[in-house]
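1. heads up, no residue letters with this:
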């Protein structure tokens, strides 16, 4: 039975349990727009409003949502602001209730949550831009951010409910003249002044709280920034009678550093948790509804291959940034998410990986590849120096890995199968690996030359290029074992045009091959199989290479070759020398 088509009525498209609002009716996708009012008034909004119910149902809590970048954190926080805030400044007297009408939160529990709309003073900070190069720079930029938020509430200077002392202290914050001690108490003071003015407890919203911490780690002022943020947050979020509740967002959870160590009302929600698992990222039903609404229903399967694959709590989700870009660019697949940042966490891992780590990275890059490792979402940057395995937790929180095992999220010793989520992220891994080994090969042009010789079956040219790599890669380990050469060859074979990532030590024929490149189109490109040997002396290389080539044939490693046939390579290494034997079948 065919699934019923969605229905568009009064600015809301409904399909099954999914709702999309499009008040303007223009089917514009909100790419790069994280301002809820603007999105809801002009663009398609995938309904995530039940996050509001999640927050309210927690009571007077401080909630930290940790999700990868570009997964809707800023838009969701803006949505919370527009729902809860008593409009101020240019918005004074304006109601945003109409933007929520017809969405899930408006109808939930027979309208129970409507009483909270426009009912609270709100303090909102976005810390994403506080990426300083020194501690004084951080304090200067932080002072500007505090002044900006205070000026949004400049009506407090005229309030008849505040003392002259309070107004003077507020004025110093608003003018950017506050001393560092005053800045450290600024969040607490602002909530108290707003509560006095309105006679109503205050909602605090802080977006990308960890951005200045990550920047400080790179610039060498980590301890100072963490200490300051602890004072600023703890003072306002612990035992503050003026606080109704608070919501923070970030990528990493910086708790071991004691930013939140004194908060007994903190609730942390990471991708391992179930409570709000559907509120960040797009579900399958949401992508199908969006695709139908914008007229691209036939492209859902391709979108799934490229951008699905994350597991948050009990729900499978797509990368929302990539999905919006995919549909917004005529359903052309591309690496949209990876192109929005430096991918420094992944790049740092690949560039510094030893043989053991490279082997695990190569396993990840294989089809259905996974590594087993514990996840500790409390991991912090300083852990990497003493516990290199902490990198898996950082990659997980940053969105470069996911796991289907989300049970017992607090169990930091539980070994979980970690995998690359989808084709888009797999390309990021391949790109970082290729970048590292292009340097080893003497540049991208040299690596391309090696790839061309390889796929053409030109053993002489391939041997020359490989020998050049060995001569010029003095920094690549000691090259003293077959495993070292194996890791080198695997790295050189990423992003060969027309081929998937190399696979290693898989069963085939009557044994296990060393390395194999599988063509994307077996009817046009041959299967390429490598058998590697390590010789003790350079004089033994030619014989060892021929023996390796014969082993491929004898054990039928390439029996699964398609119509385009097979290329076999027997390669022997000794120090900085290599011999190559090749056969095109």
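-> Perfect, thanks for sending it. Computed from a prediction, not measured in an experiment: that's the story for all the values here.
2. now do stretch 152-172, average pLDDT.
-> For stretch 152-172, mean pLDDT rounds to 97.
3. buried residues of it, list them for me.
-> 152, 153, 156, 159, 162, 166, 167, 169, 170, 172 (16 or more other Cβ atoms under 10 Å). All C-beta atoms are positioned from the backbone trio N, CA, C, and that covers glycine.
4. for these, give me a markdown table that also has secondary structure.
-> As requested, the buried residues of stretch 152-172 are exported to a markdown table (DSSP: H, G, I helix; E, B strand; the rest coil):
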| residue | secondary structure |
| --- | --- |
| 152 | helix |
| 153 | coil |
| 156 | helix |
| 159 | coil |
| 162 | coil |
| 166 | helix |
| 167 | helix |
| 169 | helix |
| 170 | helix |
| 172 | helix |
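5. of those, closest to residue 332?
-> Residue 332 has its nearest neighbour among the buried residues of stretch 152-172 in residue 152, at 39.9 Å by Cβ to Cβ.
6. find the nearest non-adjacent residue to that closest one, please.
-> In space, and not counting its chain neighbours, residue 152 is closest to residue 89: 5.9 Å by Cβ to Cβ, 6 or more residues apart in numbering.
7. how much space separates that neighbour from residue 167?
-> Residue 89 sits 18 Å away from residue 167, going by Cβ to Cβ, to the nearest Å.
8. which residues in the stretch 1-150 of the chain form helices?
-> Assigned by DSSP state H, counting those that start in this stretch, the helices in the stretch 1-150 of the chain fall at 36-42, 50-57, 73-84, 104-107, 135-152.
9. where along the stretch 201-350 of the chain do the strands fall?
-> Along the stretch 201-350 of the chain, counting by DSSP state E, counting those that start in this stretch, strands occupy 202-207, 243-250, 266-269, 282-283, 310-312, 315-318.
10. residue 35 is nearest to which of those strands?
-> strand 202-207 (11.9 Å).
11. paired strands for the closest one, with orientation please.
-> Under the criterion DSSP bridges, strand 202-207 sits next to strand 122-126 (parallel), strand 243-250 (parallel) in its sheet.
12. how far is the shortest one from where the chain is centred?
-> When you say that, I think you mean strand 122-126. Computed by Cα atoms, centre = their mean, to the nearest Å, the separation of strand 122-126 from the middle of its chain amounts to 24 Å.
13. burial count for residue 181?
-> Residue 181 has 9 neighbouring residues, counting by other Cβ atoms under 10 Å.
14. now do residue 11
-> Close neighbours of residue 11, defined as other Cβ under 10 Å, add up to 18.
15. check the one 4 residues further on too.
-> One way to gauge burial is a neighbour count; for residue 15, by other Cβ under 10 Å, it gives 20.
16. on that earlier part again, can you list the buried residues of stretch 152-172 in JSON lines and add distance to residue 413?
-> Shown next, in JSON lines, are the buried residues of stretch 152-172 (distance: Cβ to Cβ, whole Å):
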{"residue": "152", "distance to residue 413": "46"}
{"residue": "153", "distance to residue 413": "47"}
{"residue": "156", "distance to residue 413": "50"}
{"residue": "159", "distance to residue 413": "53"}
{"residue": "162", "distance to residue 413": "52"}
{"residue": "166", "distance to residue 413": "50"}
{"residue": "167", "distance to residue 413": "54"}
{"residue": "169", "distance to residue 413": "48"}
{"residue": "170", "distance to residue 413": "49"}
{"residue": "172", "distance to residue 413": "49"}
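17. between those, which is nearest residue 234?
-> Looking across those and measuring by Cβ to Cβ, the closest to residue 234 is residue 169, at 19.6 Å.
18. which residues of the stretch 151-300 of the chain fall in helices?
-> Per DSSP H, counting those that start in this stretch, the stretch 151-300 of the chain carries helices over the ranges 164-175, 180-184, 186-198, 211-219, 222-237, 284-293, 300-307.
19. for residue 138, which non-adjacent residue is spatially closest?
-> Nearest residue to residue 138, sequence neighbours excluded (Cβ to Cβ, 6+ apart): residue 132, at 3.7 Å.
20. so how far is residue 410 from the spatially most central residue of the chain?
-> Per Cα atoms, centre = their mean, the C-alpha nearest to the average position across the chain is that of residue 399, at 3.0 Å. Going from residue 399 to residue 410 by Cβ to Cβ gives 21 Å.
21. residue 162 too?
-> 43 Å.
22. just to revisit the earlier point, worst mean pLDDT among the strands of the stretch 201-350 of the chain?
-> Lowest mean pLDDT of the strands of the stretch 201-350 of the chain: strand 266-269, a mean of 92.
23. who does that one touch, helix- and strand-wise?
-> Counting contacts by 3 or more Cβ pairs under 8 Å, 6 or more residues apart in numbering; DSSP states H and E, strand 266-269 packs against strand 62-66.
24. show residues contacting the strand it packs on.
-> 55, 73, 76, 209, 237, 245-253, 260, 263, 265-271, 276, 280, 377, 397 (Cβ atoms under 8 Å, 6 or more residues apart in numbering).
25. repeat for stretch 249-263
-> 62, 64-69, 73-74, 76-77, 206-211, 213-214, 226, 229-230, 233-234, 237-238, 266, 268, 270, 377-380, 382-383, 394, 397-398.
26. same question for stretch 274-287.
-> 15-18, 20, 46, 48, 50-51, 54, 65, 67, 71-73, 76, 269, 271, 290, 300, 303-304, 308, 310, 312-320, 323, 406.
27. and the residues you listed, which are buried?
-> Judged by 16+ other Cβ under 10 Å, buried ones among those: 15, 18, 20, 46, 48, 50-51, 54, 65, 67, 71-73, 76, 269, 271, 290, 300, 303-304, 308, 310, 312-313, 315-320, 323, 406.
28. quick check: what element follows the helix or strand containing residue 462 along the chain?
-> Element membership for residue 462 (DSSP states H and E) is helix 459-472. Going down the chain from helix 459-472, the next helix or strand is helix 482-492, by DSSP H and E.
29. got a list of what residue 506 touches?
-> Shown in contact with residue 506 (Cβ under 8 Å, 6+ apart): 512, 513, 516.
30. what's the closest non-adjacent residue to residue 555?
-> Nearest to residue 555 is residue 511, by Cβ to Cβ, 6+ apart, at 4.1 Å.
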